[in-house]
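# Following is a predicted model, sequence given first.
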Protein chains: 2
Amino acid sequence: MQESKNLDGAASVADDELVRSGRDADVTRRALVRAARRRFATEGYRATTVRHIAADAGVNVALINRYFGSKEGLFEACMNRTVDELDPQTRARAASVDEVIARLLAHVVEAPNADDPLQLLLLLRSSGDENADAIRRKTLEHFTEQLAAAAGWSADDPASQPLLLRAQMAIALMLGLVMLRTATEVQPLASASAAQLTGPLEQVLRVLLDSRGM
Amino acid sequence: MQESKNLDGAASVADDELVRSGRDADVTRRALVRAARRRFATEGYRATTVRHIAADAGVNVALINRYFGSKEGLFEACMNRTVDELDPQTRARAASVDEVIARLLAHVVEAPNADDPLQLLLLLRSSGDENADAIRRKTLEHFTEQLAAAAGWSADDPASQPLLLRAQMAIALMLGLVMLRTATEVQPLASASAAQLTGPLEQVLRVLLDSRGM
DNA sequence: TACCTATGTCAACAATCGTTTACTTGCCGG
DNA sequence: CCGGCAAGTAAACGATTGTTGACATAGGTA
């Protein structure tokens, strides 16, 4: 069942299994980032201990400092990996606003991968480190601009500037939603099905982003 | 300018000044709760140290344990005080949905008191303690029901149940908004004026809560 | 004035956490 | 087969943090 060490350097499979059969630095690094991201996203930076992360990943604590320099280095790696995974989705040409909305909902609420919503939650967590926080802010602003652009926003067009704010409100809604569902686990949101959520959310997002929907 | 020790037990003034002139346990307690709530809300529970809180309040660290038993006791006191301040606002009879929306916006975005948005932010912060977290969840659910009730929800009416979810989405939006504005300080939300925000927000909240607005 | 209690201060303790250092183990090329 | 190096481990250190107990002081009261 193991023996999944890929001979090609690329991570060909969708995502590594938790197995960590042999000694492989890359596999270990990825396991650490994945475990860390889950902890950071759900419990916050300060509440997460490196020993917990290491235990989740099934490796020794010292490897965090070996591979990432420090806890903050690991946090930055998590952030960068989230950026890398989020960016292709936002860069993918979107024909219409509806398509962007559908993609957002798929990522947040109909999560095929349980880690998808956690990626967004990570963007709300601060380590206190200025570097990581700058990445965080920049990512959120970049994400805002991508969403606004899909809605017709242009940096040159002064008349379209309100769309930037509206796009960020849409992001705020999604972030608050994931927060309440995943971290706070408040009812009835936490146990609501995707089918129950998509309807109202689609409606609200369209009001925010689609100028025709006004 | 001082001499503000109130002889009646009630806190008659809007909120105590930071002066703390003489030796007054009540004044000290309130100063601690206010300083703590600001720190907890903006930086999170774990990132906040009792020494910082005490320094902000201008008192000795040991008084936290004397008056609240522990750091978590102080956190619970902050949570309870937020509940007490939030509850009268939600219980106040609301004639229409528009009125409730206006009150929400006044609290979140046109904050006359700078601490008002922080009260909400506190509801997103977890101490890890089960007691405090239970209060937190219960408050959010209570707040959800109040908002939903104003929109026409009733626990007995099965047809109105979707309104509960929609009300919680509205809360998620507000919480995400305050988070991005206050804690993350992401642009352009952080520096947006109340006038820029009220328009879109009013529109979105009406879509979520007002059945006529559909 | 002289207590006496509530209020506030100070210093130290124990636990936790991030980090480092020295050591061990597995793997690959000669 | 074996030496060398990367990967992984174990234990300890220093700093921070929440907490505590002994001590100081103000202010009302007898």
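Alright, I've got the coordinates. Numbers count the residues shown, from 1 in each chain, chains lettered A, B, ... in the order given.
# Helices along chain A, start to end?
A:25-43, A:50-57, A:62-68, A:71-91, A:97-108, A:116-122, A:130-150, A:161-178, A:194-209 (DSSP state H).
# Burial check on whichever residue of chain A sits closest to chain B, number of neighbours?
Nearest to chain B, among the residues of chain A, is A:G176, at 2.9 Å (C-beta to the nearest C-beta). All C-beta atoms are positioned from the backbone trio N, CA, C, and that covers glycine. Using other C-beta atoms under 10 Å in any protein chain shown, A:G176 has 27 neighbouring residues.
# quick one: contacts for it?
Each residue near A:G176 by C-beta atoms under 8 Å, 6 or more residues apart in numbering or on different chains is listed here: B:171-177, B:179.
# Once you drop chain neighbours, what's closest to it?
Distances taken as C-beta to C-beta, 6 or more residues apart in numbering or on different chains put B:G176 closest to A:G176, at 2.9 Å, once the chain neighbours are dropped.
# Once you drop chain neighbours, what's closest to A:N131?
Closest to A:N131 by C-beta to C-beta, 6+ apart is A:E76, at 6.4 Å.
# ugh, typo on my part, it should be A:Q89
A:R103 (6.6 Å).
# Would you mind measuring from the residue of chain A closest to chain B to B:R91?
According to C-beta to C-beta, to the nearest Å, A:G176 and B:R91 sit 24 Å apart.
# quick one on the thing from earlier: would you list the contacts of A:G176 in CSV and tack on pLDDT and distance to A:E110?
CSV is the format used below for the contacts of A:G176 (pLDDT from 0 to 100; distance: C-beta to C-beta, whole Å):
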residue, pLDDT, distance to A:E110
B:I171, 97, 22
B:A172, 98, 17
B:L173, 98, 20
B:M174, 97, 24
B:L175, 98, 22
B:G176, 98, 19
B:L177, 97, 24
B:M179, 97, 23
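# from these, which is closest to DNA strand D?
Here the nearest of the contacts of A:G176 to DNA strand D, counting by C-beta to the nearest atom of the strand, is B:M179; it sits at 21.7 Å.
# Residue of chain A nearest DNA strand C, please.
Counting by C-beta to the nearest atom of the strand, chain A gets nearest to DNA strand C through A:S70 (3.0 Å).
# Kindly state the pLDDT recorded for that residue?
As predicted, A:S70 sits at a pLDDT of 97.
# What is the neighbour count of the residue nearest to it when sequence neighbours are not counted?
Nearest residue to A:S70, sequence neighbours excluded (C-beta to C-beta, 6+ apart): A:I64, at 7.9 Å. Counted with other C-beta under 10 Å, residues neighbouring A:I64 total 22.
# For A:I64, list the residues it contacts.
Applying C-beta under 8 Å, 6+ apart to A:I64 gives the contacts A:32, A:50, A:53-54, A:70-71, A:74.
# Could you work out the most separated pair of the contacts of A:G176?
B:I171 and B:M179 (12.2 Å; C-beta to C-beta).
# So if I had to pick from the two, which one is more boxed in?
Shown here are B:I171 and B:M179; by other C-beta under 10 Å, B:I171 has more neighbours (25 against 22).
# Enumerate the residues of chain A near DNA strand C.
A:22-23, A:48-51, A:61-62, A:64-65, A:69-72 (C-beta under 7 Å from any atom of the strand).
# are any of the residues you listed buried, and which?
The neighbour-count test (16 or more other C-beta atoms under 10 Å in any protein chain shown) marks A:48, A:50, A:64, A:71 as buried among the residues of chain A next to DNA strand C.
# Hmm, the last one is touching A:V50, no?
In other words, A:K71. Yes. The pair A:K71 / A:V50 is scored as a contact, 5.3 Å apart, by C-beta atoms under 8 Å.
# How about the backbone phi and psi for A:S193?
phi -80, psi 160 (degrees, to the nearest 10).
# Next, count neighbours for it.
Neighbours of A:S193 using other C-beta under 10 Å come to 9.
# Please determine how far it is located from B:A167.
Using C-beta to C-beta, A:S193 is found at 17 Å from B:A167.
# looking at the helices of chain A, which is closest to B:D84?
Among the helices of chain A, helix A:161-178 comes nearest to B:D84, with 23.5 Å by C-beta to C-beta.
# which of the residues in that closest one are buried?
For helix A:161-178, the neighbour count (16+ other C-beta under 10 Å) marks A:163-178 as buried.
# what's the farthest-apart pair in these?
A:L163 and A:V178 (22.8 Å).
# Export only the CA atoms of stretch A:37-56, formatted as PDB.
Listed next in PDB are the C-alpha coordinates belonging to stretch A:37-56 (Å, rounded to 0.1, in the frame of the first residue of the first chain):
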ATOM      1  CA  ARG A  37      -2.000  24.600   8.000                       C
ATOM      2  CA  ARG A  38      -4.800  22.700   9.600                       C
ATOM      3  CA  ARG A  39      -3.700  23.700  13.100                       C
ATOM      4  CA  PHE A  40      -3.000  27.300  12.200                       C
ATOM      5  CA  ALA A  41      -6.300  27.700  10.400                       C
ATOM      6  CA  THR A  42      -8.500  26.100  13.000                       C
ATOM      7  CA  GLU A  43      -6.800  27.200  16.200                       C
ATOM      8  CA  GLY A  44      -4.800  30.200  15.300                       C
ATOM      9  CA  TYR A  45      -1.000  30.800  15.300                       C
ATOM     10  CA  ARG A  46      -0.300  31.300  18.900                       C
ATOM     11  CA  ALA A  47      -2.500  28.500  20.100                       C
ATOM     12  CA  THR A  48      -0.800  26.100  17.800                       C
ATOM     13  CA  THR A  49       2.300  24.400  19.200                       C
ATOM     14  CA  VAL A  50       5.100  23.000  17.100                       C
ATOM     15  CA  ARG A  51       4.900  19.800  19.100                       C
ATOM     16  CA  HIS A  52       1.300  19.300  18.100                       C
ATOM     17  CA  ILE A  53       2.200  19.900  14.400                       C
ATOM     18  CA  ALA A  54       5.000  17.500  14.500                       C
ATOM     19  CA  ALA A  55       2.900  14.900  16.200                       C
ATOM     20  CA  ASP A  56       0.100  15.300  13.600                       C
END
